[in-house]
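> Fold the following.
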Amino acid sequence: MPRSHYDVVIAGAGHNGLVAAAYLAGAGRRVLVLERLSHVGGLAVSAQAFPGVDARLSRYSYLVSLLPGKILADLGLKLELRRRRFASYTPIGDTGLLVDNGDAGRTAASFANVTGGPGDHAQWNRFYGQTAEVARRVAPTLLEPLRDRTALREVVADDEAWRDLFERPIGEVTDERFGDDNVRGVVLTDALIGTFADPAKDLLANRCFLYHVVGDGTGDWNVPVGGMGAVSGALAEAAVRNGAEIHTGMEVLSIDPGGEVVFRDAAGAEHTVTGHHVLVNTPPAVLARLLGGTRQTPEGAQLKINMMLSRLPRLKDASVDPVEAFSGTFHINESRDQLALAYRQADSGMIPELPPAEVYCHSLTDPSILGPSLREAGAQTMTLFGLHMPARLFREDPEKARGAALAATLSSIGSVLAEPIEDCLLRAPDGSLCLEAKTPVDLENEAGLPGGHIFHQDLTWPFAEDPADVGRWGVETPHERILLCGAGARRGGGVSGIPGHNAAMAILERSS
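Numbering: from 1, shown residues only. The predicted structure follows:
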């Protein structure tokens, strides 16, 4: 059992909690991490999702972009992140738009074929040239004390980029910059991952877009070799190596502003420890409950489907190899108009008739997650992320709604392929199809995320909106000894480790 007192008690061993633990223990603090589940990593885990199938799927989170190289270096993490050769493929009728990171000429030709000329490709290069420069400038500030809006605008140092990313709705910007509806949609999907918003009106979509393109100063979405579990495993190893104690199967029941933490072990016995500081790697709505209060439940908006395929499906576009198409992000019915229709339908309370979604096959970039027999047979993993699936659609009858959303999404996939995706699904030894679907309500019930919100709450701007927060770390709460260290902190969201780093820095700064 843990001791009675620590310098820092961390509630939750998700990846951010592990980052904080590694930094603080490495700085000589006595650190205790309490995790409700039987494993560390939170949603950044790998799992054998299907019985008897030797594949380690990144079951929830699945790609890495925001994790700073500085954190990897500081903590000495042994982790390989591979860049995907193909950024994306968007099927459009019998052709498609291929963005090839390794062949600019092929990308230009694909744009010309789909859009009828060079204009949108030129605008694409200009727009993403601007976002790349914003990313290069903004990314380092995410690991520093907060600036105010004016100071961050000075960091960006590009008035047009600032207006288009921070002040004008991203849907308005894409309409102005691009002429093709499908190209607009490819851009807009980064504004809608896990976010239920109208990009033509709501700047919440801008905030989501910003975090997706900033990345670690490049905006690249990389594949963690070994799956997401390799990320959490490396972080846990660093934390333990530095001296942190990690106990799983320990459910935190309450937190007192004075630093007292009550938790229950796997046998049902209750225990109490105290910390000079308590870091909370749970959503703010959960922290409110642990403190004895309440907070409005946020609303997540996604459908996550994990699949094992016996083979890759055939495409309608004979000019593109399925290996190329599915190595990057494969966009499904995500044009600007299709996204807008799906939003309206979901906002009215109905599951979209043609759900927009995107898939990719981790195993094409990293076959190590497959057992030898699966690799030899040509099997592949496929991960789908469905947009505009807010929690409200699944509240009344979760199982019925999940089934309806799954059926509609599989039909949506089939509409852009040369064959039904069901024909390519692998069967487990017990005869069951290798397919699972997770709704926001499932994430709420299984992972403890209120509203199933993968970012813990709506994403915030990466600057201080309250003058009192300038110079702070964006992790503070109304209680001096309690700090957020999860995705609900300012500059949280995604697999980044940034809130964990910033919470650790806030503590170390106070005691320096």
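
> Break the chain down into its domains, please.
Listed by automatic domain parsing, the domain ranges of the chain are 5-44+67-80+226-297+456-510, 85-117+299-452, 126-209.

> could you dump these to CSV with distance to residue 217, mean neighbour count and mean pLDDT?
The C-beta positions use only the backbone N, C-alpha and C, and glycine is treated the same way. CSV is the format used below for these (distance: least, CB to CB, whole Å; neighbours: other CB atoms under 10 Å; pLDDT from 0 to 100):
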stretch, distance to residue 217, mean neighbour count, mean pLDDT
domain 5-44+67-80+226-297+456-510, 8, 21, 96
domain 85-117+299-452, 17, 19, 97
domain 126-209, 4, 19, 97
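
> now these as TSV including distance to residue 60?
Listed next are those as TSV, based on distance: least, CB to CB, whole Å:
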stretch	distance to residue 60
domain 5-44+67-80+226-297+456-510	4
domain 85-117+299-452	7
domain 126-209	11
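
> Quick one: closest of those domains to residue 52.
For the domains of the chain, proximity to residue 52 was assessed by CB to CB; domain 85-117+299-452 is nearest, at 3.9 Å.

> And for the helix or strand harbouring residue 502, what's in contact with it?
Assessed by DSSP states H and E, residue 502 sits inside helix 498-510. Outside helix 498-510, the residues within contact range by CB atoms under 8 Å, 6 or more residues apart in numbering are 8, 15-21, 23-24, 27, 29, 66, 68, 71, 142-143, 277, 279, 281, 472-476, 483-489, 491-492.

> if you set the cut-off to 6 Å instead, what comes out?
Residues outside helix 498-510 that contact it (CB atoms under 6 Å, 6 or more residues apart in numbering): 16, 19-20, 23-24, 27, 71, 142-143, 277, 279, 473, 475, 483, 485-486, 489, 491-492.

> In strands, which of those residues fall?
Among those, the residues falling in strands (DSSP state E) are 277, 279, 483.

> possible to save those residues as a markdown table with distance to residue 423?
Below are these laid out as a markdown table (distance: CB to CB, whole Å):
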| residue | distance to residue 423 |
| --- | --- |
| 277 | 55 |
| 279 | 48 |
| 483 | 51 |
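
> can you tell me which of these lies nearest to residue 55?
So of the ones in strands among the contacts of helix 498-510, ranked by how close each gets to residue 55 (CB to CB), first place is residue 279, at 33.8 Å.

> Could I get the contacting residues of the closest one?
By CB under 6 Å, 6+ apart, the contact set of residue 279 is 10, 20, 483, 485, 503.

> looking at the domains of the chain, which is closest to residue 51?
Nearest to residue 51 among the domains of the chain is domain 85-117+299-452; the distance by CB to CB comes to 5.3 Å.

> for that closest one, the distance to its chain's centre please.
In terms of CA atoms, centre = their mean, to the nearest Å, the centre of domain 85-117+299-452 is set 15 Å apart from its chain centre.

> ok, now stretch 21-33?
26 Å.

> What lies in contact with it?
Where contact means CB under 6 Å, 6+ apart, the residues beyond stretch 21-33 that reach it are 2, 6-10, 13, 17, 75, 238-239, 242-246, 504, 508.

> Tell me which of those residues fall in strands.
By the criterion of DSSP E, membership of the contacts of stretch 21-33 in strands covers 6-10, 245-246.

> For residue 158, state which of those is nearest.
Checking these one by one against residue 158 (CB to CB), the nearest turns out to be residue 10, at 38.4 Å.

> from what I can see the closest one touches residue 17, true?
Yes. Residue 10 lies in contact with residue 17 (CB atoms under 6 Å); the separation is 4.8 Å.

> Contacts only, for the closest residue to residue 450 other than its chain neighbours.
Leaving out its chain neighbours, the residue that sits closest to residue 450 by CB to CB, 6 or more residues apart in numbering is residue 285, at 4.2 Å. Shown in contact with residue 285 (CB under 6 Å, 6+ apart): 295, 297, 450.

> is it fair to say residue 285 lies in a helix?
Yes. Counting by DSSP: H, G, I helix; E, B strand; the rest coil, residue 285 is located in a helix.

> Can you tell me how far it is from residue 439?
18 Å (CB to CB, to the nearest Å).

> so where do the helices sit in the stretch 51-200 of the chain?
69-75, 104-115, 119-138, 149-156, 159-162, 170-177, 181-189 (DSSP state H, counting those that start in this stretch).

> again but with the stretch 401-512 of the chain, I slipped
Applying DSSP H, counting those that start in this stretch to the stretch 401-512 of the chain gives helices spanning 440-447, 498-510.

> among those helices, which is nearest residue 170?
Taking CB to CB, helix 498-510 is the member of the helices of the stretch 401-512 of the chain nearest to residue 170, at 22.0 Å.

> which residues sit in contact with residue 451?
Neighbour list for residue 451: 297-300, 391 [criterion: CB under 6 Å, 6+ apart].

> change it to 7 Å
Residue 451 sits next to 297-300, 391, 440, 444 when contact means CB atoms under 7 Å, 6 or more residues apart in numbering.

> okay if I get the residues you listed as JSON lines plus distance to residue 196?
Formatted as JSON lines, these follow (distance: CB to CB, whole Å):
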{"residue": "297", "distance to residue 196": "14"}
{"residue": "298", "distance to residue 196": "10"}
{"residue": "299", "distance to residue 196": "6"}
{"residue": "300", "distance to residue 196": "8"}
{"residue": "391", "distance to residue 196": "9"}
{"residue": "440", "distance to residue 196": "10"}
{"residue": "444", "distance to residue 196": "15"}
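
> among those residues, which are in strands?
Per DSSP E, these never map to strands.

> And those, which is closest to residue 222?
Of all those, residue 300 has the smallest distance to residue 222: 23.9 Å, by CB to CB.

> surely the closest one meets residue 440?
Yes. Assessed by CB atoms under 7 Å, residue 300 is found in contact with residue 440 at 3.8 Å.

> Overlap in contacts, the two.
391, 451-452.

> In contact with the residue nearest to residue 149 when sequence neighbours are not counted, which residues?
In this structure, residue 149 finds its nearest non-sequential neighbour in residue 463, 5.1 Å apart by CB to CB, 6+ apart. Residue 463 sits next to 146-149, 152 when contact means CB under 7 Å, 6+ apart.
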